[in-house]
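[1] Provided below are the primary sequence and the corresponding predicted coordinates.
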Amino acid sequence: VVIRGVTTQGRTFRPSDWADRLAGICSHVSQDNRLNFSPDVQPVTRAGVRCVVINSRLAALDARIYKFLLDFARENDLEVADGRKQGR
């Protein structure tokens, strides 16, 4: 699942670091004090638009976080698209 930083009316979602903040709920700080995002919730930029990519396995691993992420998108009127069907 990809949450795009664009509302369904075509407006850019603000603040500009929203994707990092949202993905940060599943991140951890390593021993060298670096923020490491979960492989299941990644902030990315696609075609110049900030996005959050959610691995579908998160629904089975932690349904509450998966629901929270999708509810965030719905409540903020953000575009949600199906992601890649196959791995790279």
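    Happy to help now that I have it.
[2] and the next element down the chain from the longest helix that the chain contains?
    When the chain is parsed with DSSP state H, its longest helix is helix 63-75. Using DSSP states H and E, the helix or strand that follows helix 63-75 towards the C-terminus is strand 78-81.
[3] from residue 15, how far out is the residue nearest the centre of the chain?
    Central residue of the chain (Cα atoms, centre = their mean): residue 52, 2.4 Å from the mean position. Distance, residue 52 to residue 15, using Cβ to Cβ, to the nearest Å: 14 Å. Quick note: C-beta positions are derived from backbone N, CA and C, even for glycine.
[4] from residue 61, how far off is the closest residue to residue 7 other than its chain neighbours?
    Once flanking residues are discounted, residue 7 sits nearest to residue 77: 4.6 Å by Cβ to Cβ, 6 or more residues apart in numbering. Taking Cβ to Cβ as the measure, residue 77 falls 27 Å from residue 61.
[5] low-confidence ranges, the protein, go.
    84-88 (pLDDT under 70).
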